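In: give me coordinates for this.
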Amino acid sequence: MKDEIKSIYKDIEQYDHKVVKIGGWVKSVRASKDFAFLDFSDGTCFKSAQVILKNTLENYDVVSKLNTGSTVIVEGEVHLTPENKQPFEIVATKVDVFCATDSTYPLQKKRHSVEFLREIAYLRPRTNLFGAVFRIRSVAAMAVHTYFQEHGYVYVNTPLLTTADCEGSDQMFKVTTLDLNNLPKTADGKVDMTKDLFGKTAFITGSGQLHGEAFALAFNKIYTFGPTFRTENSNTKTHANEFWMIEPEIAFCDLDELMDIEEDMLKSVVQYVMSKCPDELEFLDKFVANGLLDKLNALVSSHFTRIDHKDVIDLLKKSGKKWEFEPTYESDIAKEHEKYITEYFNGPVFIKNWPKDIKAYYMKVNSDNRTVAAVDLVVPLAGELMGGSQREDDYDVLLGRCKQLGVDVSSIDWYLNLRKFGSCVHSGFGMGFERLVMYLTGVDNIRDVIPFARTPLNCQY
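Out: The predicted structure follows:
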């Protein structure tokens, strides 16, 4: 059984003068006539190990000339070196070369641009940058599950294939088994969807919320965490066509209680990642986003302000600033507004009670009949991170909202029935997982926190 570099770092005193066998990849080789230093990673942790190669090694001439990316299996003795930059080194007694790369290997011991690395996404996890990002992504996912599991939530796998329209069918990918070159037609010339596998139009989900609500009204507290898909033709740094969503739904929970949960969950996840990924965060703070650690520490200790949308607009109008997008009481707020508000309050801000006409049909209509009990969380340096609402629990009001907004109720009749069959006050929120990873890493493009990004005109691999 092979040893791991992670294990050596974790229990370093126990490995002094111990013989180990480790398989991994060469990051670099510095060689002279008599000895060489091999920087070596096995992928088990962010840190690498230094291997000392002596010219008495049987295949020294071969190993000392290896290119970056070559695969080797190293056997040798661990020597502690507390006086050096690295706390230990491995003096090799044997090195087996499994796969030696040549000059065509795209990664070299230098800094590559993220644009170049996107073109070789299958190799970029081997770089320090993406090694840190994707390790943090993994830990953040565990942090999310840990939080909800420890707080009594049931994890629900909502369907990826659906006929329920949550976000609008114009934003959802259609799914079909029909022959696109020979589509069956009805008498009036339309595509005959009764001939399709499901006998009707189906979509790839844009949200697990509707199905999640059904389970919340049985289990009290649930969460979904999985991939979602939108057809939005956007080429911004924060949009992708395939991404992951975290969507809790909670019964007997109003908007104020929902904000309590959002704040507690976010702080818990950030603290978890900071405790598990100190090396990765230190690297990102130094080379990607200077001040990242200060930002994360500040969030954990911050007071989250709560303010109505109307009062936000008042502040923006009274600011004396000249806005690219003029704030109005009937509209959304722009990135420049989010930035001003988080700076004004010097921390995260919950913006609540939004204009009814710009929000979704399922949000609870407030007593003023002009706003809905919706909330967005905006955070410093990143903008919107979460969006949620108290859900409309009155059958007649929800049906009226659907008709008002042109929602086809035939595909969500079961969702409306939840308001007749044991309804209660309930709320939920959604957080794009990639947005969270961007915030945790300081990486400013969503394409660089997804292993293989799916964006307009980009569906490689």
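In: give the other helices and strands that the helix or strand harbouring A36 contacts.
Out: Counting by DSSP states H and E, the element that carries A36 is strand 35-41. With contacts taken as 3 or more C-beta pairs under 8 Å, 6 or more residues apart in numbering; DSSP states H and E, strand 35-41 sits against strand 19-31, strand 49-54, helix 60-63, strand 71-80, strand 88-99. All C-beta spots, glycine's among them, are computed from the backbone N, C-alpha and C.
In: could you point out where the chain is predicted with low confidence?
Out: Applying pLDDT under 70 to the chain flags the ranges 1, 167-169.
In: mind redoing it with 80?
Out: Residue ranges of the chain with pLDDT under 80: 1, 165-170.
In: tell me where it has helices.
Out: Remark: helices assigned in the chain by DSSP state H are 5-10, 60-63, 114-119, 128-150, 209-219, 255-276, 278-287, 292-301, 309-318, 335-345, 395-404, 413-417, 433-441.
In: can you list those in a markdown table and add mean neighbour count and distance to R30?
Out: Below are the helices of the chain laid out as a markdown table (neighbours: other C-beta atoms under 10 Å; distance: least, C-beta to C-beta, whole Å):
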| stretch | mean neighbour count | distance to R30 |
| --- | --- | --- |
| helix 5-10 | 18 | 19 |
| helix 60-63 | 16 | 12 |
| helix 114-119 | 14 | 24 |
| helix 128-150 | 19 | 18 |
| helix 209-219 | 21 | 54 |
| helix 255-276 | 18 | 32 |
| helix 278-287 | 17 | 21 |
| helix 292-301 | 15 | 31 |
| helix 309-318 | 16 | 57 |
| helix 335-345 | 17 | 46 |
| helix 395-404 | 16 | 67 |
| helix 413-417 | 14 | 63 |
| helix 433-441 | 24 | 30 |
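In: in CSV: these, plus distance to N182.
Out: Converted to CSV, the helices of the chain look like this (distance: least, C-beta to C-beta, whole Å):
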stretch, distance to N182
helix 5-10, 55
helix 60-63, 58
helix 114-119, 37
helix 128-150, 42
helix 209-219, 34
helix 255-276, 49
helix 278-287, 52
helix 292-301, 54
helix 309-318, 51
helix 335-345, 46
helix 395-404, 36
helix 413-417, 33
helix 433-441, 38
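In: to N366, which of the ones you listed lies closest?
Out: Minimum separation from N366 across the helices of the chain (C-beta to C-beta) falls at helix 255-276, 9.4 Å.
In: and for that closest one, what are the contacting residues?
Out: Identification of contacts with helix 255-276 by C-beta atoms under 8 Å, 6 or more residues apart in numbering yields 136, 139-140, 142-144, 146-148, 248, 250, 253, 281, 293, 296-297, 299-300, 304, 306, 348, 350, 352, 364, 373, 375, 377, 385-386, 388-390, 427-429, 436, 440.
In: try stretch 436-450
Out: Against stretch 436-450 from outside (C-beta under 8 Å, 6+ apart): 114, 118, 130, 132-133, 136-137, 140, 237-240, 242-243, 246, 269-270, 273, 284-285, 288-289, 292, 295-296, 379, 382, 385, 434-435, 453, 455.
In: got it, and stretch 99-106?
Out: Residues contacting stretch 99-106 (C-beta under 8 Å, 6+ apart): 62, 66-71, 120, 123.
In: out of the helices of the chain, nearest to F46?
Out: Nearest to F46, of the helices of the chain and by C-beta to C-beta, is helix 278-287 at 4.5 Å.
In: other SSEs contacting that closest one?
Out: helix 128-150, helix 292-301.
In: how far does it sit from the chain's center?
Out: 18 Å (C-alpha atoms, centre = their mean, to the nearest Å).
In: surely L80 touches I12?
Out: Yes: here L80 reaches I12: they are 6.7 Å apart, a contact under C-beta atoms under 8 Å.
In: which neighbours do the two share?
Out: 87-88.
In: related to what we said a few turns ago, can you redo the helices and strands packed on helix 278-287 as CSV with distance to C45?
Out: Converted to CSV, these look like this (distance: least, C-beta to C-beta, whole Å):
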stretch, distance to C45
helix 128-150, 8
helix 292-301, 19
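In: to N55, which of these lies closest?
Out: helix 128-150 (29.6 Å).
In: got the CA coordinates for the closest one in PDB?
Out: Taking Å, rounded to 0.1, in the frame of the first residue of the first chain, the C-alpha atoms of helix 128-150 are listed here in PDB:
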ATOM      1  CA  ASN A 128      -1.300  25.400  -8.100                       C
ATOM      2  CA  LEU A 129      -4.200  27.800  -8.800                       C
ATOM      3  CA  PHE A 130      -6.700  25.200  -9.800                       C
ATOM      4  CA  GLY A 131      -5.400  22.700  -7.300                       C
ATOM      5  CA  ALA A 132      -6.400  25.200  -4.600                       C
ATOM      6  CA  VAL A 133      -9.700  26.200  -6.200                       C
ATOM      7  CA  PHE A 134     -11.000  22.700  -6.700                       C
ATOM      8  CA  ARG A 135      -9.900  21.400  -3.400                       C
ATOM      9  CA  ILE A 136     -11.800  24.300  -1.800                       C
ATOM     10  CA  ARG A 137     -14.800  23.500  -3.900                       C
ATOM     11  CA  SER A 138     -14.700  19.900  -2.600                       C
ATOM     12  CA  VAL A 139     -14.400  21.100   1.000                       C
ATOM     13  CA  ALA A 140     -17.100  23.700   0.600                       C
ATOM     14  CA  ALA A 141     -19.500  21.000  -0.700                       C
ATOM     15  CA  MET A 142     -18.800  19.000   2.400                       C
ATOM     16  CA  ALA A 143     -19.300  22.100   4.500                       C
ATOM     17  CA  VAL A 144     -22.800  22.600   3.000                       C
ATOM     18  CA  HIS A 145     -23.800  19.000   3.600                       C
ATOM     19  CA  THR A 146     -22.400  19.100   7.200                       C
ATOM     20  CA  TYR A 147     -24.300  22.300   8.100                       C
ATOM     21  CA  PHE A 148     -27.700  21.000   6.900                       C
ATOM     22  CA  GLN A 149     -27.200  17.500   8.200                       C
ATOM     23  CA  GLU A 150     -26.200  18.700  11.600                       C
END
